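Asks: pasting the sequence and the predicted model now:
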Amino acid sequence: MQSLARLSLSLTLGLSLSGLALAALPQTAAAQNAMVQPLPPPEAEDLNEALRRLSRSPSDLDALLEAGEASIALGDGDAAMGFFVRAQDISPGNARMKAGLGRVFLAEGRAIEALRFFAEAETSGYPLVEMAADRGLAFDLVGDNLRAQELYRLALARNDDPATSRRLALSLAISGERAQFERVLLPQLKDEDRAGFRTRAFGLAILGDEREAISIAEALMPTDLALRMTPYLRYMARLTKAQQAAAANLGTFPRASDIGRDMPGIAGYSVQGVAISRQADASLTPSGPVMGSDRPAQASSRPAIPARPPSRAERRQAERSERQALAGLDPMSRARARSEQARVTPAPTPAPAPAPAPTPAPAAAPIQSNTPAPVQTPTSEPAATQLAIALPAETPPANVSPAPLQGPTVAAERGIETFDLPPATTGRPASEPQLVASMDPGPLPTGTLEDVFAEFGALPTASPGATLGAVDVTAIQPPRERAAPPPPAPERAAPPVVEHPSRHWVQVATGRDRDALKFDWRRISRNAQTLLDGKGPFVTPWVEANRLLAGPYPSAAEARSVVTKLKELEIDSFTFQSPRGQEIETLD
């Protein structure tokens with residue numbers, strides 16, 4: 001009986017303990033799920049606090065500036081721009097506001113505008129060290145690496161920020177300083193920082209070490225992603241300094257046709273920088289008359305020698321040099337250059353027409369002569385300006401009508417190769433610079449890396465055995481008695497309707513709880529009288545919270561007009577443009 005009693009007691013205790021364990025399992029699982037939930041960034045709380053202060057005082061300048069800075073940290077450039085513009089209305093000369101606008105433009109890749117606002121902020125009294133890292137990146141984005149590195153070091157002297165160190169390393173790589181590039185990145189590589197290894201891959205690609213850069217990408221990335229990144233790493237060395245900085249720091253890559261050519265604004269900035277440096281070097285050149293001599297002062301140590309037409313041997317040497325230069329390009333560039341040279345024969349450049357002679361008999365003598373007439377070059381241009389690669393052209397006789405000028409086609413083909421060399425002046429007609437200037441590529445569009453390099457797959461390739469000037473017999477079509485009818489043009493499918501187009505809204509509040517947002521909407525719409533009737537409420541996710549929106553409005557101007565009227569009613573709001581594809585839900 002005692003043994004049966006003990007057995008019954010043990011079974012009862014076992015079942016009780018099992019029940020307690022099973023009951024504790026859901027609580028343990030719930031606790032684990034609660035621990036892994038992501039916390040909102042601290043900037044989101046800063047923004048909410050600033051919005052609360054603005055709801056009490058819409059003209060609070062400090063709250064507007066703090067809201068703009070928090071929006072930049074959260075990656076919401078549109079909201080940041082709205083806050084800083086309102087701060088500008090209150091205090092147009094505020095230095096902190098100007099620095100914030102500079103950071104907004106910098107995040108959008110508009111370095112010229114960013115530099116202008118950074119300069120105005122410094123003039124207005126904003127501490128340079130506070131914006132040194134961002135201003136340095138702006139200088140990198142226009143190709144001024146030396147000034148960028150000075151600002152990076154100024155920022156690092158105050159705060160050893162890893163992101164600023166990576167920017168400095170990339171700037172050194174763009175400048176060709178490999179030893180310093182490796183030294184700056186070494187601490188992050190020892191800590192096995194993945195961002196540091198990514199920066200090293202881009203830096204090595206910029207320096208021309210493509211193999212090592214690709215091996216790093218293959219070691220750190222999944223196979224499919226590494227394969228997609230390989231073409232971009234191969235082409236990093238062919239970009240301009242400004243394009244390299246944008247690709248490595250912002251992830252924006254130029255179109256295939258714009259590789260090696262800067263936007264007009266950045267190119268103008270670079271030309272100004274080169275001109276300044278050349279003037280500084282020219283100040284070291286001896287000038288003035290020779291002591292003890294009555295000869296006039298000369299512009300340089302050597303007098304300008306009139307240029308003469310190149311001989312046959314010089315033309316052959318120039319063609320060999322050009323073929324050697326083409327050998328270093330990628331296969332697609334060689335194919336394009338060969339096909340262009342085989343198809344386009346540069347027409348001889350006509351010499352300036354001589355003054356009509358009184359009798360035609362003396363003019364016939366130069367026709368029988370094989371020696372072309374000398375072409376005078378401007379003496380004010382230094383001899384170094386003749387470094388641009390160009391096929392030599394012979395001067396035709398005076399009475400021979402020249403062929404149509406095809407210089408712009410050749411210049412367009414080789415514009416990428418000689419974009420950083422000064423233009424050669426060889427006495428060409430005055431109309432030719434206008435033709436070359438008309439080939440302005442326009443603003444540089446950017447996109448995702450996969451979309452950009454899709455263009456390279458469509459470019460023609462040349463056979464491995466093709467030579468310069470050879471005729472491709474496979475491209476010759478035999479004559480037909482009757483031309484084949486052209487195939488019917490395929491019908492274009494109608495463009496798909498965008499389910500969520502980009503629209504203009506007025507944001508009146510933010511919050512996590514949508515039920516609480518309903519209450520906020522009823523309160524705000526009641527205080528707004530009839531301004532928000534039929535315009536909401538709508539919500540859309542934003543970081544860890546939601547935007548409470550009214551709209552949509554036909555244009556940004558009408559949305560700003562509503563914001564102004566709400567401000568008169570002491571209701572804080574700002575405009576918001578939803579990007580294409582972002583879903584805007586109705587708050588039921």
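Replies: Happy to help now that I have it.
Asks: please, where are all the helices along the stretch 151-300 of the chain?
Replies: For the stretch 151-300 of the chain, helices defined by DSSP state H, counting those that start in this stretch occupy the ranges 162-174, 178-190, 194-207, 210-220, 223-235, 241-250, 264-282.
Asks: need those in a markdown table (columns: mean neighbour count).
Replies: The way it works is simple: take the backbone N, C-alpha and C, and place the C-beta from them, glycine included. Shown next, in a markdown table, are the helices of the stretch 151-300 of the chain (neighbours: other Cβ atoms under 10 Å):
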| stretch | mean neighbour count |
| --- | --- |
| helix 162-174 | 24 |
| helix 178-190 | 16 |
| helix 194-207 | 22 |
| helix 210-220 | 16 |
| helix 223-235 | 16 |
| helix 241-250 | 24 |
| helix 264-282 | 13 |
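Asks: can you tell me which of those comes nearest to residue 552?
Replies: helix 241-250 (30.1 Å; Cβ to Cβ).
Asks: I'd like to know which elements that closest one is packed against.
Replies: The criterion is 3 or more Cβ pairs under 8 Å, 6 or more residues apart in numbering; DSSP states H and E, and the helices and strands that helix 241-250 contacts are helix 132-141, helix 162-174, helix 194-207, strand 253-254.
Asks: ranked by average pLDDT, which of those falls at the bottom?
Replies: Mean pLDDT per stretch puts strand 253-254 lowest among these, at a mean of 86.
Asks: what's that strand packed up against?
Replies: helix 241-250, strand 446-447, helix 449-452.
Asks: low-confidence ranges in this structure?
Replies: 1-39, 270-485, 491, 493-498 (pLDDT under 70).
Asks: distance to residue 153 for the helices of the stretch 151-300 of the chain - can I get that in JSON lines?
Replies: Conversion of those to JSON lines gives the following (distance: least, Cβ to Cβ, whole Å):
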{"stretch": "helix 162-174", "distance to residue 153": "7"}
{"stretch": "helix 178-190", "distance to residue 153": "10"}
{"stretch": "helix 194-207", "distance to residue 153": "17"}
{"stretch": "helix 210-220", "distance to residue 153": "25"}
{"stretch": "helix 223-235", "distance to residue 153": "27"}
{"stretch": "helix 241-250", "distance to residue 153": "17"}
{"stretch": "helix 264-282", "distance to residue 153": "20"}
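Asks: and of those helices, who's closest to residue 524?
Replies: In this view, the helices of the stretch 151-300 of the chain are compared for proximity to residue 524 by Cβ to Cβ, and helix 241-250 is the closest at 37.3 Å.
Asks: how far off helix 194-207 does the closest one point, in degrees?
Replies: With axes from the mean of the first three to the mean of the last three Cα atoms, to 10 degrees applied, the angle from helix 241-250 to helix 194-207 works out at 160 degrees.
Asks: strands along this structure, start to end?
Replies: With DSSP state E, the ranges of strands along the chain come out as 253-254, 446-447, 503-511, 538-542, 545-553, 574-578, 585-586.
Asks: can you list the strands that the first one pairs with?
Replies: Looking back up the chat, that one is strand 253-254. strand 446-447 (antiparallel) (DSSP bridges).
Asks: got the contact list for the nearest residue to residue 567 once chain neighbours are set aside?
Replies: Counting by Cβ to Cβ, 6 or more residues apart in numbering, the nearest residue to residue 567 once its immediate chain neighbours are dropped is residue 58, at 5.7 Å. Residues touching residue 58, when contacts are defined by Cβ atoms under 8 Å, 6 or more residues apart in numbering, comprise 567, 570, 572.
Asks: for residue 269, same thing?
Replies: By Cβ under 8 Å, 6+ apart, the residues touching residue 269 are 112, 142-144.
Asks: mind running it again at 10 Å?
Replies: For residue 269, the contacting residues are 111-112, 115, 139, 141-144, 242, 262-263, taking Cβ atoms under 10 Å, 6 or more residues apart in numbering as the criterion.
Asks: ok, residue 246 next?
Replies: In this structure, residue 246 makes contact with 109, 111, 137, 140-141, 239-240, 252-254, 266, 444, 446, judged by Cβ under 10 Å, 6+ apart.
Asks: please redo it, this time with the cut-off set to 6 Å
Replies: Shown in contact with residue 246 (Cβ atoms under 6 Å, 6 or more residues apart in numbering): 141, 252.
Asks: look up phi and psi at residue 193.
Replies: Here the main-chain torsion angles of residue 193 (degrees, to the nearest 10) amount to phi -80, psi 120.
Asks: out of the contacts of residue 58, which sit inside helices?
Replies: The helices in this structure, assigned by DSSP state H, contain residue 567 from the contacts of residue 58.
Asks: filter the contacts of residue 58 down to the buried ones, ChimeraX style.
Replies: Applying 16 or more other Cβ atoms under 10 Å to the contacts of residue 58 leaves a buried subset, and the ChimeraX line that selects it is:
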select :572
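Asks: mind putting the contacts of residue 58 in JSON lines, distance to residue 246 included?
Replies: Shown next, in JSON lines, are these (distance: Cβ to Cβ, whole Å):
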{"residue": "567", "distance to residue 246": "37"}
{"residue": "570", "distance to residue 246": "43"}
{"residue": "572", "distance to residue 246": "36"}
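Asks: closest to residue 79 out of the contacts of residue 58?
Replies: Comparing the contacts of residue 58 against residue 79 with Cβ to Cβ picks out residue 572 as the nearest, at 12.7 Å.
Asks: check contacts around that closest one.
Replies: With contact taken as Cβ under 6 Å, 6+ apart, residue 572 is in contact with 54-55, 58.
Asks: swap in 8 Å and give it another go.
Replies: 51, 54-55, 58, 508, 566.
Asks: which of these ranks first by neighbour count?
Replies: residue 508 (28 neighbours; other Cβ atoms under 10 Å).
Asks: can you pull the contacts of that residue?
Replies: Contacts of residue 508 by Cβ under 8 Å, 6+ apart are 520-521, 524, 532, 548-550, 566, 571-573.
Asks: and the residues you listed as CSV, adding distance to residue 77?
Replies: Putting those into CSV (distance: Cβ to Cβ, whole Å) gives the following:
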residue, distance to residue 77
520, 25
521, 26
524, 25
532, 26
548, 20
549, 18
550, 21
566, 22
571, 24
572, 20
573, 18
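Asks: most neighbours, which of those residues?
Replies: By neighbour count, taken as other Cβ under 10 Å, the most surrounded of these turns out to be residue 573 (29 neighbours).
Asks: one step back: could the helices and strands packed on helix 241-250 go into TSV alongside distance to residue 541?
Replies: Supplementary listing: the helices and strands packed on helix 241-250 in TSV, determined by distance: least, Cβ to Cβ, whole Å:
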stretch	distance to residue 541
helix 132-141	28
helix 162-174	27
helix 194-207	27
strand 253-254	29
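Asks: right, so of these, which gets closest to residue 543?
Replies: Residue 543 sits nearest to helix 162-174 of all the helices and strands packed on helix 241-250, at 20.2 Å, using Cβ to Cβ.
Asks: the closest one vs helix 178-190, what angle?
Replies: If you take the same axes, to 10 degrees, helix 162-174 sits at 150 degrees to helix 178-190.
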